[in-house]
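K.L.:
kindly generate the corresponding structure for this input.
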Amino acid sequence: MREELDKKLVEKYPLLYRDRYAPMTETAMCWGFCCGDGWYNLIDILSALLCSKYNYAKERYDTIKEYYDADKKWPWVGGKEITPEDVEERRLEMEQAKELVPTVSQVKEKFGTLRFYINAGTDEHYNYIRFAENLSARICETCGAPGKRRGQGYIYTACDEHTEKGDLNVNETDYLNDERNYTPVVEGWLREFISTMDDGHLRPGNDSGDSPFGVKIIFDGYGENDDGEEDLNTESFAIFVHKNSLNEEFPEHEQTPWCLIHRPKEEVCIWAWYENDSDEVTIIPFEENNSTELDHDFVTKLIFEIEKRDNE
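P.N.:
Numbering: from 1, shown residues only. Below is the predicted model of the structure:
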């Protein structure tokens with residue numbers, strides 16, 4: 001998002017984006033709003049909704065304080081006297097509403113839709129966020145016109161004008177029907193990793209399980225339930241395959257205090273979910289994200305070659 005639009009949101013909703021300029025060791029908002037200008041209005045409306053109760057309470061306090069300072073009574077004919085207790089009551093209401101305004105920790109695009117994360121919130125807040133995220137799949141990220149999710153590899157939401165030539169609507173894409181579907185192979189790797197990892201103190205970045213030579217698998221955190229709370233039943237994993245994974249040890253990533261530094265020119269990252277109660281694994285095909293600049297056919301072939309190597 002353009003810097004001027006970024007600043008407008010921060011200035012308009014200072015409580016919500018109080019961590020916008022905090023260091024990367026504390027928040028991902030240090031990177032700003034990682035999406036296109038077309039979603040500015042959507043984020044603006046969502047931000048207003050998340051702050052609505054506080055803004056209403058503040059308006060009520062500002063109004064009574066103005067009239068109290070002027071004449072200590074309401075301005076209409078027969079308006080009753082305003083007492084210090086009346087003013088204090090509304091001030092407390094405003095302060096209570098202020099404490100409930102969540103802090104935004106990250107705003108970005110992922111898989112063609114908006115992702116909006118907050119630190120703590122009410123059911124009402126999370127309902128607003130879910131609605132906005134779902135609506136983003138119908139709004140062009142570039143210009144804000146009506147759009148659809150498009151792509152044959154990298155998924156994005158665009159209007160007809162901003163759709164890359166040759167790209168299809170997501171529901172028209174048929175690469176998942178490819179006979180060389182590699183997802184069962186990756187699922188097998190992940191199940192072996194899960195069965196052998198030290199899950200006593202799971203933290204993002206845990207790579208204690210067994211994985212094929214040259215491949216790196218890490219625990220990436222937990223999912224969220226419908227209330228936006230951490231769901232310990234749903235676990236997220238990242239599977240990294242380097243271009244040299246067939247014959248060489250996996251080269252370790254450089255890391256920041258916040259995350260490891262992905263190398264899309266050298267590797268692919270495949271995300272996956274594991275449901276503990278149902279023992280179900282969901283592999284997110286790497287074609288659905290922009291996690292690699294490697295040729296997709298090369299990556300698919302590499303995965304099968306690694307599997308063939310380990311079965312010989």
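K.L.:
every contact and neighbour count from this point should use C-alpha atoms.
P.N.:
OK.
K.L.:
break this protein into its domains for me.
P.N.:
The chain is divided into the following domains under automatic domain parsing: 3-136, 176-311.
K.L.:
which of those domains has the lowest mean pLDDT?
P.N.:
Lowest mean pLDDT of the domains of the chain: domain 176-311, a mean of 85.
K.L.:
ok now that domain, how far from the chain's centre?
P.N.:
18 Å (C-alpha atoms, centre = their mean, to the nearest Å).
K.L.:
show me what counts as buried in whichever strand or helix holds Ser52.
P.N.:
Using DSSP states H and E, Ser52 maps to helix 40-70. Residues 40, 42-43, 46-51, 53-55, 57-58, 60-62, 64-65, 67-68 are the ones in helix 40-70 that count as buried (16 or more other C-alpha atoms under 10 Å).
K.L.:
show me what contacts Leu16?
P.N.:
10, 47, 50-51, 101-104 (C-alpha atoms under 8 Å, 6 or more residues apart in numbering).
K.L.:
helices of this protein, residue ranges please.
P.N.:
3-12, 40-70, 84-99, 123-136, 183-196, 296-311 (DSSP state H).
K.L.:
let me have these in CSV, extended by distance to Pro251.
P.N.:
Below are those laid out as CSV (distance: least, C-alpha to C-alpha, whole Å):
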stretch, distance to Pro251
helix 3-12, 36
helix 40-70, 39
helix 84-99, 45
helix 123-136, 36
helix 183-196, 18
helix 296-311, 16
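K.L.:
can I get the contacts of Leu16 in JSON lines including distance to Pro212?
P.N.:
Shown next, in JSON lines, are the contacts of Leu16 (distance: C-alpha to C-alpha, whole Å):
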{"residue": "Val10", "distance to Pro212": "46"}
{"residue": "Ser47", "distance to Pro212": "45"}
{"residue": "Leu50", "distance to Pro212": "45"}
{"residue": "Cys51", "distance to Pro212": "48"}
{"residue": "Val101", "distance to Pro212": "46"}
{"residue": "Pro102", "distance to Pro212": "42"}
{"residue": "Thr103", "distance to Pro212": "40"}
{"residue": "Val104", "distance to Pro212": "38"}
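K.L.:
what bridges to the residue sitting nearest the centre point of the chain?
P.N.:
With distances taken as C-alpha atoms, centre = their mean, Arg115 lies nearest the centre of the chain, 3.6 Å away. Note on Arg115: beta-bridge partners by DSSP bridges are Lys108.
K.L.:
helices or strands up against the longest strand along the chain?
P.N.:
Longest strand in the chain, counting residues (DSSP state E): strand 230-242. On a contact count with 3 or more C-alpha pairs under 8 Å, 6 or more residues apart in numbering; DSSP states H and E, strand 230-242 meets strand 215-224, strand 267-275.
K.L.:
next, the angle strand 230-242 makes with the shortest one.
P.N.:
Between the direction of strand 267-275 and that of strand 230-242, the angle (axes from the mean of the first three to the mean of the last three C-alpha atoms, to 10 degrees) works out to 150 degrees.
K.L.:
tell me what angle strand 267-275 forms with strand 215-224.
P.N.:
40 degrees.
K.L.:
what's the angle from strand 267-275 to helix 183-196?
P.N.:
Going by the same axes, to 10 degrees, strand 267-275 makes 70 degrees with helix 183-196.
K.L.:
the helices of the chain: which one's closest to Tyr156?
P.N.:
With C-alpha to C-alpha, the closest approach to Tyr156 among those belongs to helix 123-136: 10.4 Å.
K.L.:
keeping just the C-alphas, turn the closest one into PDB.
P.N.:
Provided in PDB are the C-alpha atoms of helix 123-136 (Å, rounded to 0.1, in the frame of the first residue of the first chain):
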ATOM      1  CA  ASP A 123     -16.400 -11.700  19.400                       C
ATOM      2  CA  GLU A 124     -17.700  -8.700  17.700                       C
ATOM      3  CA  HIS A 125     -14.300  -7.600  16.500                       C
ATOM      4  CA  TYR A 126     -13.500 -11.000  15.100                       C
ATOM      5  CA  ASN A 127     -16.800 -11.100  13.300                       C
ATOM      6  CA  TYR A 128     -16.000  -7.800  11.600                       C
ATOM      7  CA  ILE A 129     -12.600  -9.100  10.600                       C
ATOM      8  CA  ARG A 130     -13.900 -12.400   9.200                       C
ATOM      9  CA  PHE A 131     -16.500 -10.500   7.100                       C
ATOM     10  CA  ALA A 132     -13.800  -8.100   5.700                       C
ATOM     11  CA  GLU A 133     -11.400 -10.900   4.900                       C
ATOM     12  CA  ASN A 134     -14.200 -12.800   3.000                       C
ATOM     13  CA  LEU A 135     -15.200  -9.700   1.200                       C
ATOM     14  CA  SER A 136     -11.700  -9.000   0.000                       C
END
